[in-house]
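Whatever this is, show me its structure:
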Amino acid sequence: MDRYVTGATIRGLRERKGMTQEELAEKVHVSGKAVSKWETGKGFPDISLLEPLARALDVSVMELLSGNCVQNRNKAANLLKGKLYVCPVCGNAIWATGEAAVSCCGILLPPLEAEPPDKGHEMRVEISEDEYFVSVRHPMTKEHYLSFLCAASDNGVQFLKLYPEGNAEGRFKINRVKTLYAYCNCHGLFRVDV
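Numbers count the residues shown, from 1 in each chain. Take a look at the predicted model:
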């Protein structure tokens, strides 16, 4: 790995904060000359400086490394505009109300794009009193299974973890639910609007 953080990223973040090179240098306990070298690409910060540098620039280490600064433009936090992230290593599922830099098991996760269900992932939705009963005719083997079902409304998200050799079904409180999701470990995310 010949570079892990760019000078343009450091300079852009520093300028956004309205700091001089000297002020940034003071915050991370290096010389102004060191910051100048970083910004011109003649040197790189030592790995031990990544956390203090990210803190001084008000970003996460992940944002510093990726060069993608996430700014919260979703002030209303509308859950229906949320993003789902799933770790391919451990299966961890994360719901974010807006743009985010999400990392799990050392991997920067992209947001999942939900597809309409195909023939092998059709979601059957029935109403039973105050709940949606969702079922999917899907294999639930150790190699190919639905990992979770999810129901999103404008005021909350309901997750139901599924396991291989179990049933591909679940119940969700109807309360303002607008979208249902199913995540297949082999084929990705599927969604149905209700």
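
Roughly how far does residue 189 sit from residue 132?
For residue 189, the distance to residue 132 equals 18 Å [C-beta to C-beta, to the nearest Å]. Where C-beta positions appear, they are placed from N, C-alpha and C, glycine not excepted.

all helices of this protein, in order?
7-16, 21-28, 32-40, 50-56, 61-66 (DSSP state H).

Switch the ones you listed over to TSV; also include mean neighbour count and distance to residue 86.
Below are the helices of the chain laid out as TSV (neighbours: other C-beta atoms under 10 Å; distance: least, C-beta to C-beta, whole Å):
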stretch	mean neighbour count	distance to residue 86
helix 7-16	17	27
helix 21-28	17	35
helix 32-40	18	35
helix 50-56	17	25
helix 61-66	18	17
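
Tell me the confidence at the residue of the chain most remote from its centre?
Centroid-distance maximum for the chain: residue 33 at 36.1 Å, with C-alpha atoms, centre = their mean. Listed pLDDT for residue 33 reads 93.

gap between it and residue 39?
Noted for residue 33: a distance of 11 Å to residue 39, by C-beta to C-beta.

I'd like to know which helix or strand in this protein has the lowest mean pLDDT.
None of the helices or strands of the chain scores lower by mean pLDDT, DSSP states H and E than helix 61-66, at a mean of 77.

List of residues touching that one?
Contacts with helix 61-66, where a contact means C-beta atoms under 8 Å, 6 or more residues apart in numbering, come from 4-5, 9-10, 13, 50-51, 53-54, 57, 69-70, 101, 103, 108.

go on, stretch 34-47?
For stretch 34-47, the surrounding residues in contact (C-beta under 8 Å, 6+ apart) are 3-8, 10-11, 14, 21-22, 24-25, 28, 30, 53.
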